[in-house]
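Asker: how would this look folded up:
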Amino acid sequence: MSIILTQTDALAVLGATKLIPKQNTARYANSQLTGKTVWWCGTSIPLGDPFNNYLPVGSPVLQYPNAACAMLGAKCVNVAVSSSMIRATNAAGNYTGFFWSSYAWALSHTIAEKNYIIANWSTVSALLTGSTKPVTLSSADQATILASSYENYLVPYLNGTYPMPDVFVIDHGYNDYWEGVACGESDASFIATPGSLTDRSCFIGAVGYIMNIIYSYNNRARIAISGHYENSYSPFIYQAQNSISNLWNVKINKLWEATQWAYNILMPNSQPLWATLPYSLYTALPTTQNT
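Answerer: Next up is the predicted model:
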C-alpha cells in the first residue's frame, strides 16, 4: 500500500515545521529571486541545528539555505534530512553495510520501497549498521521513513499539489560518499560516470535520477548543485558534484571556494575551543589543534 503524506505531515515527521528561517530584510532588492520559491534538499549540513542542541541558549536557528533565500527575498522550502543520503542502494544493488538511517531515509526511494523497508525491517535492519538502530519500528519511525521518499518530499511540488518552485537545489554528497566507503566502495568508483545517468546505486546516478524526475514534470526547471564546504579532507565529494554539474549542464555553487576551508591551517590560541560544544564534536577529524 502506498501512502502519500500531505505537506504538513511530511514536514512535521522530520521536524521541518520547527525550522525557524533567519529573519532578515532582503539585502538584494534587485535579486532575480525576489518573490520566488527555492526547494532545497540535502543532509544535516543544510538542515543545520533546528532544535538548538549545540548552540548557546537563545541563539537564532541559522540554516544557510534559509538565510541565503531570505537575503534574496525568496522563500526556502528546506526539506533536508539529517543523516540521509540520496542514493537508493550501494554499488552491488543492495544495502549491506549502510548506516541504518542513511538508508532508511534515502531520498531517491519510492514510497513502495519505503513500505518494503518498513514491512521487512527485521530482515533489512540485520544488514544495516548503527548503535541507534531500532529493533522494531515505532509508528513515528515508520512515518519518518515514508516521509523521506522523493514521492512525498518532491513530487507534490511538481504535480500541482503545491506551487511549482522556481529553483531546485540538491545539496547531497557527504553521506553518500562515506556510506560508500563503509560498503567498501573505492574513491574512483564514487567519481566515475555511471553507464546510466539515472542509476540510483551510486551518488552521481541518484542525483541524475532526481533531476530527471524534476525535468519530466518541467523541462525548463532551474536546478543547481550546492557544492561541499571543503575540498581537501573529502576531495571526491566536490569532484563528483562538479561532474554532475558538467554532465547535466546545471549551475553549481562551489562552496568550498567561498569558505576557503582547509585542514592544514592552524588557528592561534584555538585549542580551548575544542573542549566545548559544538567544536568538540569534530575532534576526531585529522587536523592539528594549535595551542
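Asker: now do the same for the closest residue to R87 other than its chain neighbours: its pLDDT.
Answerer: Leaving out its chain neighbours, the residue that sits closest to R87 by Cβ to Cβ, 6 or more residues apart in numbering is A206, at 4.0 Å. Yep, even glycine has a C-beta here, placed from its N, CA and C like the rest. On the pLDDT scale, A206 is placed at 98.
Asker: cool, and S270?
Answerer: On the pLDDT scale, S270 gets 73.
Asker: count the residues that sit near it.
Answerer: 12 (other Cβ atoms under 10 Å).
Asker: give me the distance between it and T276.
Answerer: Here S270 is placed at a distance of 11 Å from T276 (Cβ to Cβ, to the nearest Å).
Asker: so what's the residue nearest the centre of the chain up against?
Answerer: Centroid-nearest residue in the chain, with Cα atoms, centre = their mean: G42, separated by 1.7 Å. With contact set as Cβ atoms under 8 Å, 6 or more residues apart in numbering, G42 has these partners: 65, 80-81, 169-172, 226.
Asker: and the strands in the stretch 1-150 of the chain?
Answerer: Assigned by DSSP state E, counting those that start in this stretch, the stretch 1-150 of the chain shows strands spanning 37-42, 75-78.
Asker: to S243, which of those lies closest?
Answerer: Taking Cβ to Cβ, strand 37-42 is the member of the strands of the stretch 1-150 of the chain nearest to S243, at 17.8 Å.
Asker: the closest one pairs with which strands, parallel or anti?
Answerer: Strands adjacent to strand 37-42 in the sheet, as given by DSSP bridges, are strand 75-78 (parallel), strand 167-171 (parallel).
Asker: any idea which of the ones you listed is most buried?
Answerer: strand 167-171 (a mean of 24; mean count of other Cβ atoms under 10 Å).
Asker: contact partners of it?
Answerer: 33, 36-43, 45-46, 65, 74, 80, 86, 207, 210-211, 214, 221-226.
Asker: any regions of the stretch 1-150 of the chain where pLDDT drops low?
Answerer: 1-2, 4-26, 49-61 (pLDDT under 70).
Asker: helices along that one, start to end?
Answerer: With DSSP state H, counting those that start in this stretch, the ranges of helices along the stretch 1-150 of the chain come out as 7-13, 44-47, 64-71, 100-104, 111-119, 121-125, 139-147, 150-153.
Asker: among the ones you listed, which is the most enclosed?
Answerer: Buried most deeply of the helices of the stretch 1-150 of the chain, by mean count of other Cβ under 10 Å, is helix 100-104, with a mean of 25.
Asker: thinking again about what came up before, make JSON lines from the strands of the stretch 1-150 of the chain and add distance to T161 to it.
Answerer: Below are those laid out as JSON lines (distance: least, Cβ to Cβ, whole Å):
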{"stretch": "strand 37-42", "distance to T161": "13"}
{"stretch": "strand 75-78", "distance to T161": "13"}
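Asker: wait, which of those is closest to K254?
Answerer: It's strand 37-42; of the strands of the stretch 1-150 of the chain, that one is closest to K254 (Cβ to Cβ) at 15.9 Å.
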